[in-house]
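> fold the following.
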Amino acid sequence: MSKEIQTIVFDLGGVLIDWNPRYVFREIFKNDEEKVEWFLSTICTPEWNAQQDAGRTMDEATEALVSMHPQHETHIRAYYERWQDMLGGPIDGTVEILREVREGPHRLYGLTNWSAETFPVALERYDFLSWFEGIVVSGKIGLIKPHAAIYHHLVETFDLEPAATVFIDDSPANVEAARDLGFRSIRFEGPAELREALRELGVRIKE
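Numbers count the residues shown, from 1 in each chain. From the prediction side, this is the model:
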């Protein structure tokens, strides 16, 4: 028999907050999608960004990349100079789910891959981040999803029982890693699908 859900853990970017560097680079490259995708897959790559999520400073990351690609210096520097413009706003349907769950008996936490330097911007911009009892930010602790160590840190910090905890993330790798560690995992594909998945797990939420 499955354990009753006690805790719900939300990823932030892509689940509660719309963040996308394309918002900036589509403007920079005049909506030339081929140039945008080339730049974000070749220069300011997801792997490069993930190192900041794991604790590297923005200055160190920027200077390292500029030294490798000096011909793209202006665009590289734009990544963090205009980082706030990459925030598209809250994902309203998920925020509403968070609001409803908050009214119930479940403990609420966040687990996010996010730079320690940029996360304060999100805290100031999105009031709903204060609804969590706690948020583990990868850049602050030098650990990053999907590595098991960050999930262990979450469990130990907040005294969670994985079998009684739902973990929600839009990354298949992060969801699978949590599932391997005993969490009840949901891959986020949209607010409607999330609402249904939570109900199936017995979380009290509106139809």
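
> please enumerate the helices of the protein.
22-28, 33-42, 46-53, 58-68, 73-81, 92-102, 119-125, 138-141, 148-158, 172-180, 191-200 (DSSP state H).

> what packs against the third one?
When you say that, I think you mean helix 46-53. Counting contacts by 3 or more CB pairs under 8 Å, 6 or more residues apart in numbering; DSSP states H and E, helix 46-53 packs against helix 58-68, helix 138-141. (Glycine included, C-beta is placed from N, CA and C.)

> quick one: average pLDDT of that helix?
For helix 46-53, mean pLDDT is 97.

> what's the angle between it and helix 73-81?
Counting by axes from the mean of the first three to the mean of the last three CA atoms, to 10 degrees, helix 46-53 lies at 40 degrees to helix 73-81.

> what angle sits between helix 46-53 and helix 58-68?
150 degrees.

> show me the contacts for the closest residue to D92 other than its chain neighbours.
Of all residues not flanking D92 in the chain, P191 sits nearest, at 7.9 Å (CB to CB, 6 or more residues apart in numbering). P191 is in contact with I91, D92, G93, T94, E96, I97, counting by CB atoms under 8 Å, 6 or more residues apart in numbering.

> of the residues you listed, buried ones?
I91, T94, E96, I97 (16 or more other CB atoms under 10 Å).

> give me the distance between the first one and K35.
So that's I91. Noted for I91: a distance of 27 Å to K35, by CB to CB, to the nearest Å.
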